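J.: Give me a 3D structure for the following:
(chains A and B)
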Amino acid sequence: MSTSTDTAVVTAAEQTSRAREILGVSRLTNQALTRWLHGLPGVDQVGCEARAAGLGTRSIKTTAKAWAIDTAISMIDLTTLEGADTDGKVRGLVTKALSPDPSDPSTPHPAAVCVYGDKVAVAKQALGTSEVKVAAVATAFPSGRASMPVKLADTQDAVSAGADEIDMVIDRGAFLSGDYLTVFDQIAAVKEVCGPARLKVIMETGELVTYDNVRRASWLSMLAGGDFIKTSTGKVSPAATLPVTLIMLEAVRDWLELTGEQIGVKPAGGIRTSKDAITFLVAVNEVAGEQWLTNTYFRFGASSLLNDLLLQRQRMATGAYSGADYIADDSPSLY
Amino acid sequence: MPTFDYAPAPESRAILDIKPSYGLFINGEFVDGHGASFKTVSPSTEEVLAEVSEADEQDVDAAVAAARTAYGRVWSRMSGADRGKYLFRIARILQERSREFAVLESLDNGKPIKESRDIDVPLAAAHFFYHAGWADKLDHASLGDDPRPYGVVGQVIPWNFPLLMMAWKIAPALATGNTVVLKPAETTPLTALLFAEVCQQAELPPGVVNIITGAGSTGQTLVEHEGVDKVAFTGSTGVGKAIARAIAGTRKKATLELGGKAANIVFDDAPIDQAVEGIVNGIFFNQGHVCCAGSRLLVQESVADEVEEKLKRRLGHLRVGDPLDKNTDIGAINSAEQLARITEMTEIGEAEGAQRWSPACELPSTGYWFAPTVFTGVSQTHRIAQEEIFGPVLSVLTFRTPGEAVAKANNTPYGLSAGIWTEKGSRILWMADQLKAGVVWANTFNKLDPTSPFGGFKESGYGREGGRHGLEAYVKTGAN
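T.: Prediction:
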């Protein structure tokens, strides 16, 4: 299989057939999926959190810090997902993505802007010919509590409006009740509707609660055709923690070994500071490996992170902190 | 292709004020020793850090006499609550000066700053805090009738955790009302000498803690000294046996914490990624200079390949180098002598037919260095499976059933620690019951805590340190 970034159009039937091959079964049943997922090695909570804390003690300075800040900026999915979103808000966000720091044109762009499906067209038009992508949340985000036809229509709507990437949510209720086949089928069906758009599968790890569940959901999402596995909607706390991301990084690393296919990881929600972002990059580097240190395979779902990175970037260039009022803010609080 | 090269992030040495030479700390003051002085070097650079006095018989006499006087006149008469106040004060000063201690420890010992900063120094302070709390509660610690101190305790400690081993020794001795003469290892005397300053700063009565430096002969003189009532030693099994022989037939009691060849046992239902971390922590923590190190990996055959592969990939991310760099995972080997021992044992391992592997890593050109090393295809008969190497060298053996794992784990003259990795709780309990080791860790390794007793079976020594059990070693009870 290829690690090319051109996303192949895969039908749900093809996805199922590939899954049968990977599992070595003639029919993809819930029982077969359960056996496979429950056969994965468990995660020891204490050990996993200790490892994450250990990665957090890495001290990233000078040239390494400058590199990490620019890399982190280039990995951001600049996000606005509010009921109060307007065309104006989305245009503001796009402007920020196109020109993160007008005082320094060498500043990299975020990877994408991430919006609700009905704002895709506005974002697309405002981005013009820029290489910044448009990601749309779909499938009755954030709860995912809707019928399949609704979820597929939601996805189709965003794809038709020009979304380059779709961020879907899994049915956590089905997952927690052990109905893995439903989760698989839904992901595979959404993937088919995505066509060439890259599919990010949001597992909402805050609702899965245990690290064993995070590992199983990661493998299930990859098996069903996700191009990215993503922690959270940002609407549930805890969102993107380092231990959860660590487990997902182990999963994509092991998946590459098993299938030859490289899957991306996107922690989203709660990553606000440069220090946090750099710690995540250390984890990417030391757990998944260097080939994940690109926005093709690693993203941050964030809104306020960008400005903190810009502040740090300016400080590294000038030697002094400017302050929040010297960085343009296109996503201030409404309240 | 992206490259995330961590730039150097060295901890500053500016906080230190290392004197060109140090005397002995006797009766609350630094005095010159009568033996020849010796140099202590930084093992990562071979830079001479300071000249240190060697205590001869006359000096040991003076130190023991000071301890005896302090015991009789001050310390044994003081209430437990008041002794506790001094211990609390020492603990707080250790915390306040933690950076200084961490930098000095890494410099003199060679261990990475992240370990001295996050483990050695905080744990040393924790031991003083913990024992401070016991000082006025000894009558209620179920130690026996009327617990009383022995008097003067002679303590000899190793070079692998200089400050921490010192805290393990001094804190319970003082809490129980004993006074101390302690000899740090000759290659790592500096944090003990800095601790002497802490004793002054805490206004500890003179003579309660005496620190004398020197090599093996100084330690022997101390241990054999007439005025010493109790001996506590951490170090090699060879020296431990010599001490046991020397004090046989005398009134002296001893606590000996000696070598180990711990089995870290990984079952096929283990949390593999965390087990790999535990294996790494087990043998590469502190360059493997750990008596309880998990130097034998026993892995179930059905997952042996997977574990080995993941372990090797993980080792590729270990950073070997400058101990003061905050990103260093593995520092320098403590001495040329120890490096020679490790080198010799690994050559023996190769000659015995085990497969040797190390990750690609560039070692500094000066100082004492040894790359993390894994031997696979090791048999129980190989010397690298039997003898303590005390370095960053892991021997990998396999097993098929729990019974076989137990038999192999116990088939060693040592019995200090063991690790079990499985998601099955009942198996953990069964294994812990079967293993002849003083400490058994389940799904973790090298977890040390002042509340938990530590000590060995068989040739790993006798007596316990830490916890309520550790107090027992420093008191006599009833009619004794």
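
J.: Was I right to think B:Arg68 contacts B:Gly151?
T.: Yes - look at B:Arg68 against B:Gly151 with C-beta atoms under 8 Å: they come within range, at 7.3 Å. Using the backbone N, CA and C atoms, a C-beta is placed for each residue, glycine as well.

J.: Give me the common contacts of the two.
T.: The contact sets of B:Arg68 and B:Gly151 overlap at B:Thr179 (C-beta atoms under 8 Å, 6 or more residues apart in numbering or on different chains).

J.: ok now do B:Gly144, which residues does it touch?
T.: B:475, B:477-478.

J.: try B:Glu54
T.: Going by C-beta under 8 Å, 6+ apart, the list of residues near B:Glu54 reads B:33, B:35-38, B:213-215, B:218.

J.: State the pLDDT value of it.
T.: With respect to pLDDT, B:Glu54 scores 97.

J.: From B:Val60, how far off is it?
T.: Distance, B:Glu54 to B:Val60, by C-beta to C-beta, to the nearest Å: 11 Å.

J.: what touches both of those two?
T.: With C-beta under 8 Å, 6+ apart as the test, B:Glu54 and B:Val60 both reach B:Thr218.

J.: check contacts around B:Ser85.
T.: Quick fix: residue B:85 is Lys, not Ser. B:Ala132.

J.: Show me what from the stretch 251-400 of chain B comes close to chain A.
T.: Counting by C-beta under 8 Å from any C-beta of the partner chain, the stretch 251-400 of chain B comes close to chain A at B:269-275, B:277-278, B:317, B:326-327.

J.: Residue 182: which element?
T.: The chain I'm using is chain A. Assigning secondary structure by DSSP states H and E places A:Thr182 in helix A:180-194.

J.: look at chain B instead
T.: Taking DSSP H and E as the definition, B:Leu182 sits inside strand B:179-183.

J.: C-alpha coordinates for that strand, CSV please?
T.: Extracted in CSV, the C-alpha atoms of strand B:179-183 (Å, rounded to 0.1, in the frame of the first residue of the first chain):
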residue,chain,number,x,y,z
THR,B,179,24.4,9.4,66.0
VAL,B,180,26.3,8.7,62.8
VAL,B,181,29.7,8.4,61.2
LEU,B,182,29.2,8.0,57.5
LYS,B,183,31.7,7.3,54.7
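
J.: circling back to that earlier point, quick one, which of the contacts of B:Gly144 are buried?
T.: B:Val475 (16 or more other C-beta atoms under 10 Å in any protein chain shown).

J.: Quick one: which of the contacts of B:Gly144 has the lowest pLDDT value?
T.: Within the contacts of B:Gly144, B:Gly478 has the lowest pLDDT, namely 90.

J.: Helix or strand: which one has that residue?
T.: B:Gly478 is part of no helix or strand, with elements assigned from DSSP H and E.

J.: Sketch out the strands for the stretch 301-450 of chain B, chain order is fine.
T.: B:355-357, B:373-376, B:393-399, B:417-421, B:439-442 (DSSP state E, counting those that start in this stretch).

J.: Do I have it right that A:Val190 meets A:Ala197?
T.: No - contact criterion C-beta under 8 Å: A:Val190 and A:Ala197 do not qualify, at 10.1 Å.

J.: Mutual contacts of the two, please.
T.: Residues touching both A:Val190 and A:Ala197 (C-beta under 8 Å, 6+ apart) are A:Ile166.

J.: what helix or strand does B:Ala192 sit in?
T.: Counting by DSSP H and E, B:Ala192 is part of helix B:190-201.

J.: if I pick the closest residue to chain B within the stretch 51-200 of chain A, what's in contact with it?
T.: Residue nearest to chain B within the stretch 51-200 of chain A (C-beta to the nearest C-beta): A:Ser59, separated by 3.8 Å. Each residue near A:Ser59 by C-beta under 8 Å, 6+ apart is listed here: B:6, B:9, B:326-327.

J.: Verify the stated contact: B:Phe4 with A:Ala66.
T.: No - applying C-beta under 8 Å, one finds B:Phe4 not in contact with A:Ala66, separated by 11.5 Å.

J.: Contacts only, for the residue of the stretch 151-300 of chain A found nearest chain B.
T.: Relative to chain B, the nearest point of the stretch 151-300 of chain A is A:Leu293 (4.2 Å; C-beta to the nearest C-beta). Each residue near A:Leu293 by C-beta under 8 Å, 6+ apart is listed here: A:71, A:281, A:284-285, B:2, B:4.

J.: gap between it and A:Glu250?
T.: A:Leu293 sits 16 Å away from A:Glu250, taking C-beta to C-beta as the criterion.

J.: okay, B:Thr3: pLDDT?
T.: pLDDT, B:Thr3: 83.

J.: Burial check on residue 148, number of neighbours?
T.: Just so you know, I chose chain A. Close neighbours of A:Met148, defined as other C-beta atoms under 10 Å in any protein chain shown, add up to 14.

J.: actually it's chain B I care about, not the one you picked
T.: 18.

J.: show me the contacts for it.
T.: Contact partners of B:Arg148, counting by C-beta under 8 Å, 6+ apart, are B:177, B:475-477.

J.: do B:Pro10 as well
T.: Residues near B:Pro10 by C-beta under 8 Å, 6+ apart: B:322, B:324-326.

J.: Smallest gap between the stretch 1-150 of chain B and chain A, at which residue?
T.: For the stretch 1-150 of chain B, C-beta to the nearest C-beta, closest residue to chain A: B:Ala9, 3.8 Å.

J.: Where does the closest residue to chain A within the stretch 251-400 of chain B sit, in terms of helix or strand?
T.: Minimum separation of the stretch 251-400 of chain B from chain A (C-beta to the nearest C-beta) falls at B:Gln274, amounting to 3.1 Å. Element membership of B:Gln274 [criterion: DSSP H and E] is helix B:272-284.

J.: returning to that earlier point: can you list the contacts of B:Gly144 in a markdown table and add distance to A:Val46?
T.: Listed next are the contacts of B:Gly144 as a markdown table, based on distance: C-beta to C-beta, whole Å:
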| residue | distance to A:Val46 |
| --- | --- |
| B:Val475 | 35 |
| B:Thr477 | 38 |
| B:Gly478 | 41 |
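
J.: Of the contacts of B:Gly144, which ones also sit close to chain A?
T.: Near chain A, taking C-beta under 8 Å from any C-beta as the test, no member of these is found.

J.: circling back: and the residue of the stretch 251-400 of chain B closest to chain A, how far from B:Asn286?
T.: 20 Å.

J.: Over to B:Asp108?
T.: According to C-beta to C-beta, B:Asp108 and B:Asn286 sit 14 Å apart.

J.: Tell me which of those two has more neighbours.
T.: More neighbours surround B:Asp108 than the other of B:Asp108 and B:Asn286, with 30 against 24 (other C-beta under 10 Å).

J.: Remind me which helix or strand the more buried one belongs to.
T.: Using DSSP H and E, B:Asp108 sits in helix B:98-109.

J.: and the helix or strand just after that helix, anywhere near chain A?
T.: Using DSSP H and E, the helix or strand that follows helix B:98-109 towards the C-terminus is helix B:113-115. Yes - Helix B:113-115 reaches chain A (C-beta under 8 Å from any C-beta) through B:Lys114.

J.: Rebuild the contacts of A:Leu293 as CSV, extending it with neighbour count and distance to B:Ser295.
T.: Shown next, in CSV, are those (neighbours: other C-beta atoms under 10 Å in any protein chain shown; distance: C-beta to C-beta, whole Å):
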residue, neighbour count, distance to B:Ser295
A:Thr71, 21, 39
A:Leu281, 25, 34
A:Val284, 28, 32
A:Asn285, 22, 29
B:Pro2, 13, 37
B:Phe4, 17, 32
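
J.: Doesn't B:Gly154 belong to a strand?
T.: Yes - B:Gly154 forms part of a strand when assessed by DSSP: H, G, I helix; E, B strand; the rest coil.

J.: and A:Glu165, how far is that from B:Asn286?
T.: A:Glu165 is 46 Å from B:Asn286, by C-beta to C-beta.

J.: Please read the previous query as pertaining to A:Val132.
T.: Distance of A:Val132 to B:Asn286, given as C-beta to C-beta: 48 Å.

J.: This completes my enquiry, with thanks.
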